[in-house]
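> Provide a 3D model corresponding to the input given below.
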Amino acid sequence: MGTRATTSTTAAPPLLVGIGEILWDLLPDGRQPGGAPTNVAWHAAQLGLRATVVSAVGDDDDGRELMVRLDAIGLDRSHIAVEPAHPTGTAGVVLDAAGRSTFTIAAGVAWDRIALHTGLLHLAVEAAAVCVGTLAQRDEVSRTTIQAFLAATRPGCLRVYDVNLRQHHFNATIVAQTIAACHVVKVSDEEWPIVAGLIDLPADPRSGAMALRKRHDLRLVAVTRGPHGSLLCDAHGLHDHPGIPAAVVDTVGAGDAFTAAVTAGLLLGMPLARLHDLASRAAAHVCASRGATPTLPAEITSAFRAALPARPAVRAPAAS
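Residues are numbered from 1 along each chain as shown. Now for the predicted structure:
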């Protein structure tokens, strides 16, 4: 008689896909990798999820350097295409005295031309969560790809729409179509009046969030309020968080960290109050850091990693 090794199936962490823009944020003191779906994927990876970005860069030095930076932080870039006919995207960032950001987004760039192909449809089926925004849907090519990707996900996939309105790159059709395709919608208080006007919601974010959730039977609506905290609305009602005080360096990417934490918390079955607090802490940390993708504190990342599906160890060989 010999021996046999007894093993248990290892549960892989859930896969989050961020699909949309990848670009350079041109900050007053230098440039940093950015793009809301990219930022969400980066923070989700820090929280212990598998994460990948679907986007496009140009065949240029800016694109190659972005890929090097993604490699350095360990974020999967296998679904980022090289679009030789268009340059890598950039966003000029101006900060006011309070660190609040205003963006000037370059037009006609690589991420406007994210092409749909069979590999992306296979990725959609594998995803446990997908995060999309509005900006990358300004061009019909990328908009078609993003909407097809959402439609190709399996029924259990958590589809998250972080609205992120920028300049004039939005309209009522894009916003309404994307909300209808998703389970979670996140809007800032600055964006709320615009969104409410586009799709006929109450101007007050509290009553508006409840109306939006009920209209589309959403799992969650999140409204971020800068230094005044945030509001989550689910089927059980409203949950307020006062926010975490922060010495603001810049606000770039703070909302993306919040979105990543909320998405991870929902995937991992965290209580709403717990994920709300952790998301608020993640956003505050980004506000107190330079750029959109700083390393999150261990007390935040460890809380999510502790909630990941168990990964049983391989047991010692047993006699047979």
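> Now the longest strand anywhere in the chain: average pLDDT?
Counting by DSSP state E, the longest strand found in the chain is strand 50-58. For strand 50-58, mean pLDDT rounds to 98.
> Tell me which other helices or strands it touches.
Strand 50-58 makes packing contacts with strand 15-19, helix 36-46, helix 61-73, strand 80-83, helix 118-126 when contacts are defined by 3 or more Cβ pairs under 8 Å, 6 or more residues apart in numbering; DSSP states H and E. Glycine gets a C-beta too; all of them are placed from N, C-alpha and C.
> Point out the most buried one among these.
Greatest average neighbour count among the helices and strands packed on strand 50-58 goes to helix 36-46 (a mean of 30), per mean count of other Cβ atoms under 10 Å.
> between that one and strand 50-58, how big is the angle?
150 degrees (axes from the mean of the first three to the mean of the last three Cα atoms, to 10 degrees).
> And for Ile105, the neighbour number?
17 (other Cβ atoms under 10 Å).
> Would you mind measuring from it to Leu267?
Using Cβ to Cβ, to the nearest Å, Ile105 is found at 30 Å from Leu267.
> What of Leu26?
Leu26 sits 33 Å away from Leu267, going by Cβ to Cβ.
> And those two? Which one has more around it.
More crowded of Leu26 and Leu267, by other Cβ under 10 Å: Leu267, with 22 against 17.
> is it true that the more buried one touches Val130?
No. If you go by Cβ atoms under 8 Å, Leu267 and Val130 don't touch, sitting 11.4 Å apart.
> Now tell me what touches stretch 270-284 from outside.
When contacts are defined by Cβ atoms under 8 Å, 6 or more residues apart in numbering, stretch 270-284 is touched by residues 43, 224, 229-230, 232, 234, 236, 239, 241, 243-246, 254-255, 257-262, 264-266, 296-297, 299-300, 303-304, 307.
> From the centroid of the chain, which residue is nearest?
Against the mean C-alpha coordinate of the chain, by Cα atoms, centre = their mean, the closest residue is Val40 at 3.1 Å.
> So that one sits against Thr263, correct?
Yes. Val40 lies in contact with Thr263 (Cβ under 8 Å); the separation is 7.3 Å.
> start to end distance for stretch 187-197?
13 Å (Cα to Cα, to the nearest Å).
> Stretch 192-211 too?
End-to-end span of stretch 192-211 (Cα to Cα): 13 Å.
> Quick one: mean pLDDT over that stretch.
In this model, stretch 192-211 has an average pLDDT of 98.
> What are the buried residues along that stretch?
Buried residues in stretch 192-211, defined by neighbour count with 16 or more other Cβ atoms under 10 Å: 192, 195-196, 198-199, 201, 205, 208-211.
> any residues touching it, and which ones?
So stretch 192-211 is contacted by 163, 165, 170-172, 175-176, 179, 187, 189, 212, 221, 223, 225, 231, 233, 238 (Cβ under 8 Å, 6+ apart).
> now the longest strand of the chain against strand 15-19, angle please.
Going by the same axes, to 10 degrees, strand 50-58 is angled at 20 degrees with respect to strand 15-19.
> Report the distance from strand 50-58 to the chain centre.
Offset of strand 50-58 from its chain centre (Cα atoms, centre = their mean, to the nearest Å): 12 Å.
> cool, stretch 288-299 as well?
Centroid separation for stretch 288-299 versus its chain: 15 Å, with Cα atoms, centre = their mean.
> Would you mind writing the CA trace of it as PDB?
Extracted in PDB, the C-alpha atoms of stretch 288-299 (Å, rounded to 0.1, in the frame of the first residue of the first chain):
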ATOM      1  CA  ALA A 288      -4.100  62.700   2.600                       C
ATOM      2  CA  SER A 289      -1.800  61.200  -0.100                       C
ATOM      3  CA  ARG A 290      -0.400  62.400  -3.400                       C
ATOM      4  CA  GLY A 291      -2.100  60.900  -6.400                       C
ATOM      5  CA  ALA A 292      -4.900  58.400  -6.900                       C
ATOM      6  CA  THR A 293      -3.100  55.100  -6.000                       C
ATOM      7  CA  PRO A 294      -1.200  55.300  -2.800                       C
ATOM      8  CA  THR A 295      -0.600  52.100  -0.700                       C
ATOM      9  CA  LEU A 296      -3.600  51.700   1.700                       C
ATOM     10  CA  PRO A 297      -2.900  51.200   5.400                       C
ATOM     11  CA  ALA A 298      -2.600  47.600   6.700                       C
ATOM     12  CA  GLU A 299      -5.600  48.100   9.000                       C
END
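> With that, I have no additional questions.
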